[in-house]
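> the following block contains a protein sequence and its predicted model.
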Amino acid sequence: MIPRRDVLAGLAATGAGALLAPRAAFARARTDRRLVVVILRGGIDGLSLLPPVDERAYYDRRPRIAIAKPGSGNDAAIALGGSFGLHPALAPLAPLYRAGQLLPVAAVGLPMRTRSHFDAQDVLENGTERPRGRRDGWLNRALVAIDGGQTGLGLSVGHGMPLMIRGAAPVRSWEPKVLPQADAGFLDQLAMLYAGDPMFAKALRQARRSAASVPPAMGGGRMGGRLMRGRRAIQTLARATGKLLAQADGPRIAVVEAGGWDTHVNQKGVLNRRLPQLATGLITLKDTLGPAWDKTAVLVVTEFGRTVAENGGRGTDHGTAGTALLLGGAVNGGRIAGRWPGLSERALYEGRDLRPTTDMRSLFKGVLRDHLRISQARLEDTVFPASRSAQPLGGLIRKA
Amino acid sequence: MSRRQAFIAVNRFGLGARPGELDLVARDPQRWIERQIRRGQAVPREFAELPDAADSIRVFLQSRRQGVREIKRVARSTLRARYIDEVNARARAHVRTKDPFHERMVAFWSNHFTVSAKRFFVAPLAGPYEREAIRPHVFGKFEDMLLAVVHHPAMLFYLDNVASIGPGSRAARFSRRGLNENLARELLELHTLGVDGGYGQADVRALARILTGWSVEGLGRRQHLSGRYQFRFFAHEPGPKLLLGRRYAEDGEAEGIAALRALARHPATARFIATKLARHFIADTPPQAAITALAHSFTKSGGDLAAVSRTLVRLKAVWNEPLPKVKTPYEYTISIFRALAVDRTPGRGYHPAFFLLGQMPFAAPSPKGWPDTAADWLAPEALMRRIEFARTLSRRLPRRLDPLPVLEASIGPVATRRTRTVISRAPSAREAMALLFASSEFQRR
């Protein structure tokens, strides 16, 4: 019997491909649809992303940090033709909205109420109704639902692997290379060292598989470190995601994360600095995907929204419902999804937060069902266990 | 057997073996740790010439009074350099220390009470904060550490308490600022009770009100620029507050001190701290019995961290299994330099290594601090970086270095026969060193 690692090493050495199994065997089973989930950690302010410009209460409760009505100056919201605007720093995304490829979803929230970042992120990613409800993520369970986790569809971009995509299905990961790559001979010896340590052995196998699938041009080299610093980080990750997902036999489902949205102080300043990076990143993703963009849906989500009223430091504190963005060539956009609960005193959750009207899982399930064609039964059985109360949101994806 | 225990002592409770350390510790591993549990230890000399937090705050606030351009200039030059100096001083101290358990505890608590350089301007303060608020109390009382932490300007900046003003205070009449609940929430969730500790949103607001006025002197343009903690009575929310069912009558700063002491003594805090310690020192999923023993010790001793540390070291569970945890990138890097008996700081400093491996000291991604399980640190790509790092570093080692003594002195007691064989057959000494540092025995503790 030929040891498995030798087979792998051979594949890697010839650059023949990333997949354990021969490509042809799975060619028919592999989906050509792409899904990218962007996790914005820290709780991005939904009322700044998608300001409710017709609500008096919005301006009353945010005298200094509300986004101004469209047409009232440089800092004003971009009109979306309705009672909502788009944050001016997201201007690069406005053409997508007009082309029907951007679908903001208003007032989405988790199935449970918490104002803890860490519990909220855990629930956002584990796909149940409670923190630590599962040790694996819903996106990984979705990979298993699609192909048993067998055709290498999953990809994690950036440092570490978010819970959302951790689990039984193997997932490749990418981050900019800074150090010279270790050669195959050395890795073979290491594989021998790791033979008695399953955790290390598995991580090494997966890492080699990822390495084999990354075009050398994306190695980053010495520049890698610099590319990941500061304002270029999101763009670097977006470019890598786009290139990898564009490959014919590459991964299809990726998760990327970006932190720094916890705006307790000086919210306007922080968002004016960070949102352009996000917008540029998303456009970079679109551009690098090329024709594959037409088969792509990108979900931009966060753990919670923020308080309706501004606090003392021109910021906002942890709230409840927030805004999600769905964009891509496969998306049925150019409108606002979700039911708007309003900002009147009575409408608010605990008198302070936007009330969630759409369960985050309904949004996820809608995308997984209509875009990735995972059956509703599968979604309710395994991907989002016990989620019948959160029916999939229909009509998110353009009919092919 | 005792060499195996020595391995556990210097890795689980220390920072990895320096040459000779295993033999020294093998005489009495438990005693070697317990000897380090004492109060009033001098601050290691590596930190001797570094400025204190107040000095960096003065530099920052001074620049702020001169405008945005000056802030940017100072942040990029002086303050950035101070942060890098702190990172390297700490690494140097950790590579050389003879009290590694003491240093591990400093790092543990500094991570528990995270302030992060990810936040603008906190970078130069994080090192001094560890020295001033954490280090004096690692084997003292938990509540004293908690009080020192919440009184420290680094924490007051990091979690926005300096921007929090009681809505009913006199300051609110002149400023449009109001309550900011960031610090109060994280104090309850991350520092004391834990997220399931039985508090609600009303308690978060109450604690935020109690802590209004806890600030830094020199924020206002006309204030004396001391850069030190200051209780600003004008910003304090007047009136009684109800926190966790207990009423705190209006008493200025004393309210906060009383509330923090009560939080430190709460049973949920004991349980929360015990779980975190057990996860850090025993296993990713720690045994319940260990958690119970630690929580009991915490409660019985009134939060005496020396007593809790002794309980930890005396737990049977701790001495059974030699390699349950994966080292964090920081621990990994330090242990490599210790195994190599490095004394002088390498070329550009230690910080490029930490950056490469994804764990710049004092720069945790969130107030929760660095994560503490293998799943967080052993993503495939992260492992590949460690491997590449081990290889790159080994290529710079002297050609004639004999790898086998380094193996014996670092992972000798736990190295499998296979590991020994593969390493001894390596085509060159450098390759052998790279394999040693990349081996799973070396990456675990």
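Ah, there it is. Treat the numbers as computed from the prediction; the structure is a model and nothing was measured. Numbers count the residues shown, from 1 in each chain, chains lettered A, B, ... in the order given.

> the stretch 301-445 of chain B: helices as residue ranges?
Secondary structure of the stretch 301-445 of chain B, counting by DSSP state H, counting those that start in this stretch: helices at B:305-314, B:329-339, B:351-357, B:374-377, B:380-394, B:403-410, B:417-424, B:429-438, B:440-443.

> kindly apply the preceding question to chain A instead.
Listed in chain order, the helices of chain A (DSSP state H) span A:4-14, A:23-27, A:46-49, A:56-61, A:94-98, A:117-126, A:138-147, A:184-193, A:198-213, A:223-227, A:233-246, A:267-289, A:360-370, A:376-378.

> which one of the ones you listed lies closest to chain B?
Closest approach to chain B among those is made by helix A:198-213 (3.6 Å; C-beta to the nearest C-beta). All C-beta spots, glycine's among them, are computed from the backbone N, C-alpha and C.

> what helices and strands are in contact with the closest one?
helix A:4-14, strand A:171-174, helix A:184-193, helix B:380-394, helix B:440-443 (3 or more C-beta pairs under 8 Å, 6 or more residues apart in numbering or on different chains; DSSP states H and E).

> one step back: how about the helices of chain A in a markdown table, adding mean pLDDT, distance to residue B:339 and mean neighbour count?
Putting the helices of chain A into a markdown table (pLDDT from 0 to 100; distance: least, C-beta to C-beta, whole Å; neighbours: other C-beta atoms under 10 Å in any protein chain shown) gives the following:
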| stretch | mean pLDDT | distance to residue B:339 | mean neighbour count |
| --- | --- | --- | --- |
| helix A:4-14 | 31 | 27 | 15 |
| helix A:23-27 | 37 | 44 | 12 |
| helix A:46-49 | 98 | 50 | 27 |
| helix A:56-61 | 96 | 58 | 15 |
| helix A:94-98 | 97 | 53 | 17 |
| helix A:117-126 | 95 | 35 | 23 |
| helix A:138-147 | 96 | 36 | 25 |
| helix A:184-193 | 92 | 17 | 20 |
| helix A:198-213 | 86 | 19 | 20 |
| helix A:223-227 | 48 | 25 | 16 |
| helix A:233-246 | 92 | 33 | 23 |
| helix A:267-289 | 95 | 40 | 20 |
| helix A:360-370 | 98 | 47 | 25 |
| helix A:376-378 | 94 | 50 | 13 |
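
> just tell me which of the helices and strands packed on helix A:198-213 ends up closest to residue A:117.
helix B:380-394 (22.4 Å; C-beta to C-beta).

> roughly how far is that closest one from the heart of the chain?
Here helix B:380-394 is found 24 Å from its chain centre; the criterion is C-alpha atoms, centre = their mean, to the nearest Å.

> check which residues of it are buried.
Neighbour counts over helix B:380-394 (16 or more other C-beta atoms under 10 Å in any protein chain shown) mark B:380-394 as buried.

> nearest to residue B:413 among these?
Using C-beta to C-beta, these come closest to residue B:413 at residue B:390, 20.5 Å.

> quick check: the gap between the closest residue to that closest one other than its chain neighbours and residue A:56.
Once flanking residues are discounted, residue B:390 sits nearest to residue B:437: 3.8 Å by C-beta to C-beta, 6 or more residues apart in numbering or on different chains. Residue B:437 sits 64 Å away from residue A:56, going by C-beta to C-beta, to the nearest Å.

> now residue A:365: closest residue in space, sequence neighbours ignored.
residue A:392 (3.8 Å).

> pretty sure that neighbour is touching residue A:375, no?
No. Using C-beta atoms under 8 Å, residue A:392 is not in contact with residue A:375, being 10.8 Å away.

> residues from the stretch 151-300 of chain B in reach of chain A?
Within the stretch 151-300 of chain B, the positions adjacent to chain A are B:160, B:163-165, B:167, B:175-182, B:185, B:189-190, B:195, B:201, B:204 by C-beta under 8 Å from any C-beta of the partner chain.

> repeat that for 10 Å
B:157, B:159-160, B:162-167, B:171-172, B:175-186, B:188-190, B:195-196, B:200-202, B:204-205, B:208, B:212, B:235, B:285 (C-beta under 10 Å from any C-beta of the partner chain).

> hmm, which of those residues are the buried ones?
So, by 16+ other C-beta under 10 Å, the buried ones in these are B:157, B:159-160, B:162-166, B:171-172, B:177-186, B:188-190, B:195, B:204-205, B:208, B:212, B:235.

> what number of residues lie near residue B:249?
When neighbours are counted by other C-beta atoms under 10 Å in any protein chain shown, residue B:249 registers 10.

> hang on, it packs against residue B:243?
No. Here residue B:249 lies out of contact with residue B:243, judged by C-beta atoms under 10 Å, at a distance of 11.9 Å.

> list residues touching both of these two?
B:255, B:258 (C-beta atoms under 10 Å, 6 or more residues apart in numbering or on different chains).
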